[in-house]
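A.B. asks: Have a look; sequence and predicted model below, questions after that.
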Amino acid sequence: LYIFNKEILPMPLPVILGKFTAYVDAEDKESGIKKVEFYVDDILQEISYSPPYQFGLGKTFGIHEMTIAAYNNAENVEYTTIKFFGWVK
């Protein structure tokens, strides 16, 4: 449970109430990180090219899926997907 970007209680399905910013720690010591992409329900929301890699979640209500794609400079990509319930005005 996150209320206004502060973690209150761990839950099996994250619940986000109020403003929220997702931060990603991405690192590749060999080639470096080129970019990190943030998707909500398979729609690209933000591309971050330098740390801190972050995305401010916009207006939303209901269950959604956030996918984060981190690309290194060798064009390899790693994906992480998280389902969450959000209520952000």
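C.D. replies: It's in.
A.B. asks: Can you give me every residue that contacts the residue of the chain positioned farthest from its centre?
C.D. replies: The centre of the chain is farthest from one residue, Glu30, which by Cα atoms, centre = their mean lies 23.6 Å away. Neighbouring residues of Glu30 by Cβ atoms under 8 Å, 6 or more residues apart in numbering: 72, 74. In short, each C-beta sits where N, CA and C put it, glycine included.
A.B. asks: switch to numbering from 47
C.D. replies: Noted, 47 is the first residue going forward, which turns the last one into Glu76.
A.B. asks: Please give the element, helix or strand, for it.
C.D. replies: Taking DSSP states H and E as the definition, Glu76 sits outside all helices and strands.
A.B. asks: And Trp133, by the same measure?
C.D. replies: Per DSSP H and E: strand 123-134 holds Trp133.
A.B. asks: I'd like the mean pLDDT over that strand, please.
C.D. replies: Per-residue pLDDT over strand 123-134 has a mean of 97.
A.B. asks: Can you list the buried residues in it?
C.D. replies: Residues of strand 123-134 classed as buried: 130-132 (neighbour count, 16 or more other Cβ atoms under 10 Å).
A.B. asks: ok, now stretch 110-119?
C.D. replies: 112-118.
A.B. asks: Reformat those residues as TSV; add distance to Glu92 and secondary structure.
C.D. replies: Output for the buried residues of stretch 110-119, formatted as TSV (distance: Cβ to Cβ, whole Å; DSSP: H, G, I helix; E, B strand; the rest coil):
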residue	distance to Glu92	secondary structure
Met112	11	strand
Thr113	12	strand
Ile114	10	strand
Ala115	11	strand
Ala116	13	strand
Tyr117	14	strand
Asn118	18	strand
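A.B. asks: Asp88 and Gly132: what is the separation?
C.D. replies: 16 Å (Cβ to Cβ, to the nearest Å).
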